[in-house]
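Enquirer: need a 3D model of the following:
(4 chains)
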Protein chains: 2
Amino acid sequence: MDRQLVDVVRRFNRTVTQRVGALDDSYLARDRPLAQSRLLWEIGPAGAEVAALRTRLDLDAGYLSRLLRTLEGAGLVVVGPTGGDGRVRSARLTEAGRAEWDLLDRMSDELAWSMLAPLRDGQRGRLVSAMAEVERLLMASLVTIEVCPPSDPRARACLRAYVGELDERFESGFAVTVGDDDHELVPPAGVFLVATLATEAVGCGGLRLSPGEPVEIKRLWVSRSVRGLGVGRRLLDELERRAAAAGADAVHLDTNRSLTEAIQLYRSAGYHEIPRYNANPYAHHWFAKRLDGVAGPN
Amino acid sequence: MDRQLVDVVRRFNRTVTQRVGALDDSYLARDRPLAQSRLLWEIGPAGAEVAALRTRLDLDAGYLSRLLRTLEGAGLVVVGPTGGDGRVRSARLTEAGRAEWDLLDRMSDELAWSMLAPLRDGQRGRLVSAMAEVERLLMASLVTIEVCPPSDPRARACLRAYVGELDERFESGFAVTVGDDDHELVPPAGVFLVATLATEAVGCGGLRLSPGEPVEIKRLWVSRSVRGLGVGRRLLDELERRAAAAGADAVHLDTNRSLTEAIQLYRSAGYHEIPRYNANPYAHHWFAKRLDGVAGPN
DNA sequence: CATGATTGCTGACTTTAGTCAGGCATTTCC
DNA sequence: GGAAATGCCTGACTAAAGTCAGCAATCATG
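Expert: Predicted coordinates for the structure are as follows:
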């Protein structure tokens, strides 16, 4: 833990977070309680399901219901059943609610501009790019990686996205059904990891540990929304650590020639190309890495 | 208003402020209400005067008093008279309070580190310097400048700091009592501006408009805490604008040779040195600037 | 179609936050 | 020395935020 770095982060958390946060809140709450404004804002012009609002705002179901009732009473929102499932209800803005939302939107613009206005041009540009950098890297650091069975909804979402993307990128397409080899990726025959940002699954990766065969990394995927933030590298590291912990002294993997970022990642992570070791029709490159230097469990 | 820049700022406000802010709060509030923790934290190992806490946390006197009573009841804090003024009371941490504070401090470290830990070295450095940049520039943009009579407490604080600093920096000392020429800096004989960051006065500057004498800028001062952020430049601009609005076609000012940053500021703002025009015993340099190019009101 | 799980709503709370007027002790200013 | 100002405290509020248990409707499933 580096004292100097930590001090900067703490100072940042303290001043920026609190000060800007307070400003933001005071702009949002125009005579109405803050929670109501936030809710109104979160519903948005497109409307939203009650359950989605609950998770996004992290509110108690009862409290949220009451807030919705209040907004409904004020004529800003209508709540009603929407589609297939009759239990699920959606909130939509009325015309008045939409007007109010537009107002909040404009005020949010004004607040943002008020932070830029007092600065000179050079400073403005520097502030904005520093903000973008902070946001990007903070997102990266809020990604957590954990074990997750491939049958879990978050894992399914990742695998669907994985297959969809490969099907789109491979010249030959990618005709594999999700779930066909799930059994391979649950202990003790393997392990499956999912990377999560807040509540969204943004990456995954699996390890196959079949006795007598080389330990193999499979299904490594990172969502476009967080690509370039090192999530793939972290997944790879974690998979290697687990392979080493399981006694493997090397890991193998294969990949398609269209996945250039992945190939680059493997090379920079210390993988070297080896001859074909399986019959995967979609593979063009086969890699391996010795695990001598990889730390064990942790 | 630049759409692109505003969008980045809004995105930043939304994700960083809310996400990090919420994290921060949840770390701070360990079973105790948030306001109490914040207060305990703000008192700190060195203790603090009640009035200082009130302005720093921007709390109602009654509410603050009650919070202090609660912390006192919990044996974490003692409040009592401290020094000269018997009305002023100070809060200090008891041993238990200090232990609690240390805990908060450690947890704050951990939170900060948890934001850095998942990143690689290069990313860490980039995040930290971007954070420092955001903090600096945001502070700069949160500084507001307004007219304020020199008798106002915030103005007095600035003037006291101004005189104190000059007394320390001038080779000859600076034996001037605050308030001697207050009458010169209230309309219509002049104007006095104060720069404020949140609740703290961080800079000031005055304009003297005596008929028959050159319009003169006086008492320009910027707190060390925000120096280098362009606050001096903004004060100077605003004073020039007001001078122009009052019909002046030039402004004068004098300064001491030890105030090198100020001299640099004047030069870069378009001031040029002129011969001595007054009998100020503390002045070594005299400057003037024509106001042809300066926009009128606003 | 019976069962159990989900989803959302309501009533009845508690806690936290924040405000306001009045009061007392002390200090400062004529 | 007395009036005004300052700093803090207390009592009596209100409003907002959050929690919990129970209920009713709906859906998936065998």
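
Enquirer: count of neighbours near A:Arg241?
Expert: By other Cβ atoms under 10 Å in any protein chain shown, 16 other residues sit near A:Arg241. Placement of C-beta: from N, CA and C, glycine included.

Enquirer: now check the helix or strand containing it, is it near chain B?
Expert: Secondary structure from DSSP states H and E places A:Arg241 in helix A:231-245. Yes: legend: contact between helix A:231-245 and chain B by Cβ under 8 Å from any Cβ of the partner chain is shown at A:233-234.

Enquirer: around DNA strand C, pick out the residues from chain A.
Expert: For chain A, the residues in contact with DNA strand C (Cβ under 7 Å from any atom of the strand) are A:49-51, A:54, A:61-62, A:64-66, A:68-69, A:79, A:85, A:87-89.

Enquirer: drop anything exposed from those residues.
Expert: A:49-50, A:64, A:68, A:79 (16 or more other Cβ atoms under 10 Å in any protein chain shown).

Enquirer: rewinding a little: distance between the helix holding A:Arg241 and the chain's centre?
Expert: 18 Å (Cα atoms, centre = their mean, to the nearest Å).

Enquirer: what does stretch A:108-117 give?
Expert: The mean C-alpha position of stretch A:108-117 is separated from the chain mean by 28 Å, Cα atoms, centre = their mean.

Enquirer: in that stretch, what's buried?
Expert: Quick answer for stretch A:108-117 (16+ other Cβ under 10 Å): A:108-109, A:111-112, A:115-116.

Enquirer: and it, does that touch chain B?
Expert: Yes: against chain B, stretch A:108-117 shows contacts by Cβ under 8 Å from any Cβ at A:108-109, A:111-117.

Enquirer: repeat that for stretch A:127-143.
Expert: Yes: counting by Cβ under 8 Å from any Cβ, contacts between stretch A:127-143 and chain B involve A:127-128, A:130-135, A:137-143.

Enquirer: just the mean pLDDT for that stretch, thanks.
Expert: When pLDDT is averaged over stretch A:127-143, the result is 93.

Enquirer: how about A:Arg290, nearest residue that isn't a chain neighbour?
Expert: A:Ala250 (5.0 Å; Cβ to Cβ, 6 or more residues apart in numbering or on different chains).

Enquirer: what stretches of chain A score poorly on pLDDT?
Expert: Within chain A, the ranges that satisfy pLDDT under 70 run A:177-183, A:293-298.

Enquirer: what segments of it are helices?
Expert: A:3-12, A:18-28, A:34-43, A:50-57, A:61-73, A:95-116, A:121-141, A:153-169, A:231-245, A:260-268 (DSSP state H).

Enquirer: and the residue nearest to A:Arg124 when sequence neighbours are not counted, what does it touch?
Expert: Nearest residue to A:Arg124, sequence neighbours excluded (Cβ to Cβ, 6+ apart): A:Leu116, at 5.2 Å. Taking Cβ atoms under 8 Å, 6 or more residues apart in numbering or on different chains, we find A:Leu116 in contact with A:124, A:127-128, B:2, B:5-6, B:9, B:141.

Enquirer: what of A:Val176?
Expert: Counted by Cβ under 8 Å, 6+ apart, A:Val176 has contacts A:163, A:166.

Enquirer: about what we covered before: select, out of the helices of chain A, the one closest to A:Arg219.
Expert: helix A:153-169 (6.0 Å; Cβ to Cβ).

Enquirer: helix A:260-268 and the closest one, what's the angle between them?
Expert: Counting by axes from the mean of the first three to the mean of the last three Cα atoms, to 10 degrees, helix A:153-169 lies at 110 degrees to helix A:260-268.

Enquirer: reformat the helices of chain A as JSON lines; add distance to B:Leu104.
Expert: JSON lines is the format used below for the helices of chain A (distance: least, Cβ to Cβ, whole Å):
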{"stretch": "helix A:3-12", "distance to B:Leu104": "11"}
{"stretch": "helix A:18-28", "distance to B:Leu104": "15"}
{"stretch": "helix A:34-43", "distance to B:Leu104": "25"}
{"stretch": "helix A:50-57", "distance to B:Leu104": "27"}
{"stretch": "helix A:61-73", "distance to B:Leu104": "28"}
{"stretch": "helix A:95-116", "distance to B:Leu104": "29"}
{"stretch": "helix A:121-141", "distance to B:Leu104": "22"}
{"stretch": "helix A:153-169", "distance to B:Leu104": "34"}
{"stretch": "helix A:231-245", "distance to B:Leu104": "30"}
{"stretch": "helix A:260-268", "distance to B:Leu104": "40"}
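
Enquirer: now, which of the residues of stretch A:108-117 next to chain B sits nearest A:Thr255?
Expert: For the residues of stretch A:108-117 next to chain B, the nearest to A:Thr255 is A:Ala112 (42.5 Å; Cβ to Cβ).

Enquirer: test my guess that that closest one contacts B:Arg11.
Expert: No: with contact defined as Cβ atoms under 8 Å, A:Ala112 does not count as touching B:Arg11 (9.2 Å).

Enquirer: need the overlap of contacts for the two.
Expert: With Cβ under 8 Å, 6+ apart as the test, A:Ala112 and B:Arg11 reach no residue in common.

Enquirer: off-centre distance for stretch A:118-127?
Expert: Worked out by Cα atoms, centre = their mean, stretch A:118-127 lies 31 Å from the chain centre.

Enquirer: need the residues that contact that stretch.
Expert: Residues contacting stretch A:118-127 (Cβ under 8 Å, 6+ apart): A:115-116, B:5, B:133-134, B:137-138, B:140-141, B:143, B:230, B:234.

Enquirer: OK, contacts around the closest residue to chain B within the stretch 151-298 of chain A?
Expert: Going by Cβ to the nearest Cβ, chain B is nearest to A:Gly230 of the stretch 151-298 of chain A, at 6.0 Å. Counting by Cβ under 8 Å, 6+ apart, A:Gly230 touches A:140, B:119-120, B:123.

Enquirer: for it, give its distance to A:Leu236.
Expert: To A:Leu236, A:Gly230 is 10 Å away according to Cβ to Cβ, to the nearest Å.

Enquirer: buried set for stretch A:250-257?
Expert: A:251-256.

Enquirer: those residues: which two are farthest apart?
Expert: Top of the distance list for those (Cβ to Cβ): A:Val251 and A:Asn256, 18.2 Å.

Enquirer: so who does A:Arg14 touch?
Expert: By Cβ under 8 Å, 6+ apart, the residues touching A:Arg14 are B:Asp24.

Enquirer: against A:Leu23, how distant is it?
Expert: Taking Cβ to Cβ, one finds A:Arg14 at 15 Å from A:Leu23.

Enquirer: again, but for A:Met139
Expert: From A:Met139 to A:Leu23 the distance is 22 Å (Cβ to Cβ).

Enquirer: same question, A:Val78
Expert: Relative to A:Leu23, and taking Cβ to Cβ, A:Val78 is found at 31 Å.

Enquirer: hmm, A:Thr199 is touching A:Ala52, no?
Expert: No: with contact defined as Cβ under 8 Å, A:Thr199 does not count as touching A:Ala52 (10.2 Å).
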